[in-house]
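Asker: give me a 3D structure for the following:
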Amino acid sequence: MSELRMSHQHLPGHVTVVVVAGNVDLGSAGDLAAYLDQTRRTPGEHLVLDLAEVRLIDSTGLQVLVNAHLHATAHHATLRLASTGPQVTRVLNITQLNAHIGVHATVEDALTAALTRQPPPGSVD
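Answerer: So this is what the prediction gives:
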């Protein structure tokens with residue numbers, strides 16, 4: 001079974017940063033989904049996921065990201081991914097999720113995008 005470590009920090013402006021470390025796969029994706037649900041203070045809160053320490057993400061992990069993105073957009077918020085490593089970046093590129101979910105080089109860039117309400121990629125104004 002995969003070990004997944006998660007922590008979070010609530011910030012002003014209705015943003016929560018969640019740091020994820022380990023493998024996001026069949027054995028841990030449910031834990032990540034539950035953690036995201038538990039840490040969200042309000043449905044309309046922006047989420048920034050710091051994925052710098054995620055080594056692997058599989059289809060079940062991608063489903064968690066899609067669900068979090070759909071939840072956020074349904075409540076006029078955003079999901080932002082930050083500091084994705086090579087494997088995660090490759091999977092996001094192959095699946096083209098990076099065309100729908102904001103992917104940023106740093107947590108700071110993701111926070112700026114969320115707080116200034118920059119539209120995620122692929123959105124139509």
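Asker: could you list the low-pLDDT ranges of this protein?
Answerer: 1-2, 119-125 (pLDDT under 70).
Asker: from L97, how far out is V66?
Answerer: Separation of V66 from L97 (Cβ to Cβ, to the nearest Å) stands at 7 Å. Where C-beta positions appear, they are placed from N, C-alpha and C, glycine not excepted.
Asker: who's more crowded, these two?
Answerer: L97 (18 against 15; other Cβ atoms under 10 Å).
Asker: name all residues that make contact with that one.
Answerer: By Cβ atoms under 8 Å, 6 or more residues apart in numbering, the residues touching L97 are 62, 65-66.
Asker: could these go into TSV alongside secondary structure and distance to P86?
Answerer: Listed next are these as TSV, based on DSSP: H, G, I helix; E, B strand; the rest coil; distance: Cβ to Cβ, whole Å:
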residue	secondary structure	distance to P86
L62	helix	16
L65	helix	17
V66	helix	21
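Asker: wait, which of those residues is closest to H104?
Answerer: Proximity of the contacts of L97 to H104 (Cβ to Cβ) peaks at L65, which lies at 14.1 Å.
Asker: I'd like to know which elements the biggest strand by length in the chain is packed against.
Answerer: Using DSSP state E, we find that the single longest strand of the chain is strand 46-57. For strand 46-57, the elements it packs on are strand 15-24, helix 59-74, strand 79-82, helix 86-95, helix 107-115, judged by 3 or more Cβ pairs under 8 Å, 6 or more residues apart in numbering; DSSP states H and E.
Asker: hey, which of those is tucked in deepest?
Answerer: Ranked by mean neighbour count under mean count of other Cβ atoms under 10 Å, these are led by strand 79-82, which reaches a mean of 24.
Asker: what does it rub up against?
Answerer: By Cβ under 8 Å, 6+ apart, strand 79-82 touches 46-52, 65, 68-69, 72, 88, 92, 101-107, 109-111, 113-114, 120.
Asker: please apply the same query to stretch 36-48.
Answerer: So stretch 36-48 is in contact with 8, 10, 13-18, 64, 68, 71-72, 74-82, 107, 110-111, 114-115, going by Cβ under 8 Å, 6+ apart.
Asker: who's in contact with the spatially most central residue of the chain?
Answerer: What sits nearest the mean C-alpha location of the chain, by Cα atoms, centre = their mean, is L49, with 3.9 Å. When contacts are counted by Cβ under 8 Å, 6+ apart, L49 touches 17-18, 20, 65, 68, 79-82.
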